[in-house]
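Visitor: Mind looking at a prediction? Sequence and model below.
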Amino acid sequence: MKVGMVAYHYPHAEHREEFIARLHQVVEFFRRTPGCLSADCWVTADNDAVISTVQWESEAAFGASFAAVRASGLDLTYDERESRPREIIRLVAA
């Protein structure tokens, strides 16, 4: 069963471009992991949030993909560069 994730990120304006660049690195890494069907980075029309979307072929692929990203050393840290906590929504195919 396909699974997905939508994550809303709220970087401070002075960190927005750097945050988007970091997120693009993560998205590109996800795309190369086995079982990842798609990964994208979006910005809301009002420029309030940066949104990442990822879709995997299975729960197992999701777990392995996330483990690989964490082990890669890419910057996934939530810190003072963001104005409020991330909102992460897990999805399963209907």
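Guide: In hand now; what should we look at?

Visitor: by contact count, what packs against the helix or strand hosting His24?
Guide: Using DSSP states H and E, the element containing His24 is helix 16-31. When contacts are defined as 3 or more Cβ pairs under 8 Å, 6 or more residues apart in numbering; DSSP states H and E, helix 16-31 sits against strand 36-43, strand 50-56, helix 59-72. Every residue, glycine included, has its C-beta placed from N, CA and C.

Visitor: between the ones you listed, which one is nearest to Tyr10?
Guide: Minimum separation from Tyr10 across the helices and strands packed on helix 16-31 (Cβ to Cβ) falls at strand 50-56, 7.7 Å.

Visitor: Run the angle between that closest one and strand 36-43 for me.
Guide: For strand 50-56 against strand 36-43, the angle by axes from the mean of the first three to the mean of the last three Cα atoms, to 10 degrees is 170 degrees.

Visitor: and the residue nearest to Ile20 when sequence neighbours are not counted, how many residues sit next to it?
Guide: Nearest-residue entry for Ile20: Val50, 5.9 Å, with adjacent residues in sequence omitted and distances by Cβ to Cβ, 6 or more residues apart in numbering. Neighbours of Val50 under the rule other Cβ atoms under 10 Å: 21.

Visitor: okay but Val50 is in contact with Ala21, surely?
Guide: No - Val50 lies out of contact with Ala21 (Cβ atoms under 8 Å); the separation is 10.7 Å.

Visitor: follow-up on the earlier one: buried ones in the helix holding His24, by neighbour count?
Guide: 16, 19, 22-23, 26-27, 29-30 (16 or more other Cβ atoms under 10 Å).

Visitor: ok, now stretch 76-92?
Guide: For stretch 76-92, by 16+ other Cβ under 10 Å, it's 81-82.

Visitor: Run the chain-centre distance for it.
Guide: Counting by Cα atoms, centre = their mean, to the nearest Å, stretch 76-92 is centred 9 Å from the centre of its parent chain.

Visitor: Out of the helices and strands packed on helix 16-31, which is the most enclosed?
Guide: For these, the largest average neighbour count (mean count of other Cβ atoms under 10 Å) is found in strand 50-56, namely a mean of 20.

Visitor: what sits up against that strand?
Guide: 2-11, 16, 19-20, 23, 26-27, 30, 35-44, 62, 65 (Cβ atoms under 8 Å, 6 or more residues apart in numbering).
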